[in-house]
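Undergrad: Here is my input, please return the structure:
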Amino acid sequence: MSDFYTKVFGWKANQLGPDMGEYIVVETTETDANHMVQKPGTINGGFYKRTKPEQAPSVVIAVDDIQAAMKKVADAGGKVLGGQTPGVPDDIPGIGLHCSIIDTEGNRISMLQPAPRTGQQ
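TA: Numbering: from 1, shown residues only. Predicted coordinates for the structure are as follows:
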């Protein structure tokens, strides 16, 4: 899979170990030393190993304040799933706070409040 996306789109792929579920981080745009995007409006992502036929791609939207964004989701008629604990975002070390939601059309997506970048003002 990594070879495919590198050859087709020129993306950089980095497979994480078993402790991270063999997740493959994909950089689609220029990043800094902490693997954070440099150009506003661009995103990176990744892939989990597909374990069942109904799995689909995941969309993750960066937000400044995940608690405020979770409230907006609920106020707009969506459902906040949270992370491992329902209604509570997961703290992914070095990445940020992450939670899943369901929009008003039943689409499951995620939100991420990125961790502060070190060395940046």
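Undergrad: need the next SSE after the top helix by length along the chain, C-terminal direction.
TA: The helix of greatest length in the chain, counted in residues with DSSP state H as the criterion, is given as helix 66-75. Later in the chain than helix 66-75, the nearest helix or strand by DSSP states H and E is strand 79-82.
Undergrad: other SSEs contacting that next one?
TA: Using 3 or more CB pairs under 8 Å, 6 or more residues apart in numbering; DSSP states H and E as the contact criterion, the secondary-structure elements in contact with strand 79-82 are helix 66-75, strand 96-102. (Glycine included, C-beta is placed from N, CA and C.)
Undergrad: and the ones you listed as JSON lines, adding mean neighbour count and distance to Pro116?
TA: Output for the helices and strands packed on strand 79-82, formatted as JSON lines (neighbours: other CB atoms under 10 Å; distance: least, CB to CB, whole Å):
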{"stretch": "helix 66-75", "mean neighbour count": "16", "distance to Pro116": "13"}
{"stretch": "strand 96-102", "mean neighbour count": "19", "distance to Pro116": "9"}
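Undergrad: Got the domain ranges for the protein?
TA: Per the record, the chain has its domains at 1-52, 58-121, by automatic domain parsing.
Undergrad: ranking those by burial, who's on top?
TA: Per-stretch averages of neighbours, counted by mean count of other CB atoms under 10 Å, single out domain 58-121 among these, with a mean of 14.
Undergrad: That one: how far from the chain's middle?
TA: Its chain's C-alpha centre lies 9 Å from the corresponding centre of domain 58-121 when counted by CA atoms, centre = their mean, to the nearest Å.
Undergrad: Stretch 9-25 now?
TA: Counting by CA atoms, centre = their mean, stretch 9-25 is centred 13 Å from the centre of its parent chain.
Undergrad: Give me the contacts around that stretch.
TA: Where contact means CB atoms under 8 Å, 6 or more residues apart in numbering, the residues beyond stretch 9-25 that reach it are 1-2, 5-6, 26-28, 35, 44-49.
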